[in-house]
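**Q** One predicted model, sequence on top.
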Amino acid sequence: MMQLGESWCCCFGAFSKRNGPHPREELGGFSPEKNIKLFSYDEVKSATDNFHPGNKIGQGGFGKVYKGTLRSGEEVAVKVLSAESRQGVKEFLTEIDVITNVRHPNLVELVGCCVQANSRILVYEYLENSSINHALLGHKSDPSKLNWSIRSAICVGTAKGLAFLHEELEPPIVHRDIKASNILIDRNYVPKIGDFGLAKLFPDNITHISTRVAGTTGYLAPEYALHGQLTKKADIYSFGVLVLEIISGESSSKALYSEGNFLLDRAWQLYQEGRLQELVDPVLKEYSEEQVLRYTKVALFCTQAAAGRRPSMLQVVEMLSNPIRINENELTPPGYTDGSSSTRRIPKGRNSSNSPPDTSLSNPITITEMIPR
């Protein structure tokens with residue numbers, strides 16, 4: 001078997017191959033000064049044992065993911081992009097350059113890529129505990145390993161990563177597919193958001209919102225699912241659903257207990273009835289009741305039907321990180337799509353506004369209150 005490093009092992013500005021130079025025409029005129037590590041197809045093939053099915057660790061809308069081991073011994077996650085992702089090498093590497101330079105403790109690090117011939121392969125850092133979906137929601141998961149301290153840290157870390165994408169980058173990155181399987185966790189249960197920035201690697205006729213909304217049923221904001229209105233607020237909605245999943249240990253993509261009673265629907269019903277604590281995963285034995293209830297209310301703010309009533313991710317980080325009193329008078333009913341061509345607004349509750357939802361509010365919503373001394 002060919003060992004990694006015996007074929008191409010190069011970075012822009014330092015191309016090399018033991019048997020000859022890198023064929024620069026394959027780079028499509030891309031600047032050699034770019035600091036992107038390139039792997040050959042043979043290298044990633046060797047690292048994954050010829051993409052052996054036993055090394056497959058995931059599959060999503062962008063392609064299949066395999067666990068691989070570099071010649072240095074470093075473990076990596078190798079994402080083989082689907083056939084629909086084909087584009088010019090120069091355009092592809094330009095987007096990869098952007099992703100490579102986006103670094104944050106709560107974002108998955110892109111190690112390098114392969115652009116040989118028709119191959120479009122991304123090499124990421126490998127995270128030992130897989131995803132929240134696998135660790136908490138999967139049929140082989142053991143939720144008891146994720147106590148409230150871990151779960152709350154996952155919520156806050158994910159919020160910080162998303163806030164970084166939204167507020168600290170120029171231009172900002174809207175993820176489009178925040179969900180449990182895209183939140184990976186390392187050996188210390190630190191969460192890292194994966195697949196950010198990948199939407200631009202696909203042609204407009206594949207992922208453009210006017211033809212096919214990217215995302216996963218259960219996490220889709222109503223305005224995005226129905227009208228293709230893609231903003232930061234759509235990510236915030238998905239994050240709210242994710243927090244409810246982490247608190248409850250239940251999946252948002254399937255009905256619970258009775259037909260049509262989805263997780264968000266149930267959360268709102270329990271909130272109306274003053275029984276919100278019943279949403280908490282029964283395997284959690286020790287937790288701060290105040291903190292769990294605050295996190296759940298933050299999630300409900302994130303999933304309000306009117307996009308303009310949702311907080312920013314910076315506000316979310318603040319509310320999750322500090323014991324701030326939530327201004328529940330501003331909380332209105334969530335809305336969601338069930339995967340059909342329509343959307344549902346959950347019926348108004350005790351704290352709901354009687355006015356119709358406004359997706360472009362002129363005045364900011366006061367979501368928090370000062371806690372009296």
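**A** Okay, I see it.
**Q** following the lowest-mean-pLDDT helix or strand in the chain, which helix or strand comes up?
**A** Least confident helix or strand, the chain: strand 9-11 with a mean of 35, by mean pLDDT, DSSP states H and E. Along the chain past strand 9-11, the next helix or strand (assigned with DSSP states H and E) turns out to be strand 37-39.
**Q** What mean pLDDT does that next one get?
**A** The pLDDT scores in strand 37-39 average 91.
**Q** counting contacts, what elements does the next helix or strand after that strand pack onto?
**A** Where DSSP H and E defines the elements, the next helix or strand beyond strand 37-39 is helix 41-47. Under the contact criterion of 3 or more Cβ pairs under 8 Å, 6 or more residues apart in numbering; DSSP states H and E, helix 41-47 touches strand 63-69, strand 75-81, strand 110-114, strand 121-125. C-betas here are computed from N, CA, C, even on glycine.
**Q** one more time with 7 Å, if that's ok
**A** Counting contacts by 3 or more Cβ pairs under 7 Å, 6 or more residues apart in numbering; DSSP states H and E, helix 41-47 packs against strand 63-69, strand 75-81.
**Q** Quick one: name whatever helix or strand follows that helix.
**A** strand 56-60.
**Q** what sits up against that following strand?
**A** Identification of contacts with strand 56-60 by Cβ atoms under 7 Å, 6 or more residues apart in numbering yields 64, 65, 66, 67, 77, 130, 181.
**Q** So the second one versus residue 126, what's the distance?
**A** Look at residue 65 and residue 126: by Cβ to Cβ, to the nearest Å, they are 10 Å apart.
**Q** so residue 220, which of the three states?
**A** coil (DSSP: H, G, I helix; E, B strand; the rest coil).
**Q** Next one: it from residue 178, what distance?
**A** 10 Å.
**Q** Residue 132 now?
**A** Residue 132 is 11 Å from residue 178, by Cβ to Cβ.
**Q** again, but for residue 333
**A** Taking Cβ to Cβ, one finds residue 333 at 21 Å from residue 178.
**Q** So between these two, which is more surrounded?
**A** Each of residue 333 and residue 178 has its neighbours counted (other Cβ atoms under 10 Å); residue 178 has more, 27 against 23.
**Q** phi, psi of that one?
**A** Dihedral angles of residue 178 (phi, psi; degrees, to the nearest 10) stand at phi -70, psi 120.
**Q** cool, residue 184 as well?
**A** phi -90, psi 160.
**Q** so who does it touch?
**A** By Cβ under 7 Å, 6+ apart, the contact set of residue 184 is 108, 127, 130, 131, 192, 194.
**Q** which residues of the stretch 101-250 of the chain fall in strands?
**A** 110-114, 121-125, 183-185, 191-193 (DSSP state E, counting those that start in this stretch).
**Q** winner for burial among these?
**A** Compared across the strands of the stretch 101-250 of the chain, strand 183-185 shows the largest average neighbour count, a mean of 27 (mean count of other Cβ atoms under 10 Å).
**Q** and residue 277, how many neighbours does it have?
**A** Using other Cβ under 10 Å, residue 277 has 12 neighbouring residues.
**Q** That one in helix, strand or coil?
**A** Once three-state DSSP is applied, residue 277 turns out helix.
**Q** So it versus residue 328, what's the distance?
**A** For residue 277 relative to residue 328 (Cβ to Cβ), the value is 15 Å.
**Q** And residue 94, by the same measure?
**A** In terms of Cβ to Cβ, residue 94 sits 46 Å off from residue 328.
**Q** still on that earlier bit, possible to save the strands of the stretch 101-250 of the chain as JSON lines with mean pLDDT and distance to residue 147?
**A** Converted to JSON lines, the strands of the stretch 101-250 of the chain look like this (pLDDT from 0 to 100; distance: least, Cβ to Cβ, whole Å):
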{"stretch": "strand 110-114", "mean pLDDT": "93", "distance to residue 147": "31"}
{"stretch": "strand 121-125", "mean pLDDT": "95", "distance to residue 147": "25"}
{"stretch": "strand 183-185", "mean pLDDT": "96", "distance to residue 147": "13"}
{"stretch": "strand 191-193", "mean pLDDT": "98", "distance to residue 147": "15"}
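**Q** what stretches of the stretch 251-373 of the chain score poorly on pLDDT?
**A** 254-261, 336-373 (pLDDT under 70).
**Q** If we use 50, what do you get?
**A** Residue ranges of the stretch 251-373 of the chain with pLDDT under 50: 256-260, 339-343, 349-364, 370-373.
**Q** Where do the strands of it begin and end?
**A** Using DSSP E, counting those that start in this stretch, the strands of the stretch 251-373 of the chain run over residues 325-326, 335-337, 343-345, 368-369.
**Q** rewinding a little: would you convert the contacts of strand 56-60 into CSV that also reports pLDDT and neighbour count?
**A** Putting those into CSV (pLDDT from 0 to 100; neighbours: other Cβ atoms under 10 Å) gives the following:
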residue, pLDDT, neighbour count
64, 92, 16
65, 95, 22
66, 97, 25
67, 96, 19
77, 96, 22
130, 90, 18
181, 91, 19
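**Q** right, and out of those residues, which lies closest to residue 36?
**A** Within the contacts of strand 56-60, distances to residue 36 taken as Cβ to Cβ reach their minimum at residue 77, with 17.1 Å.
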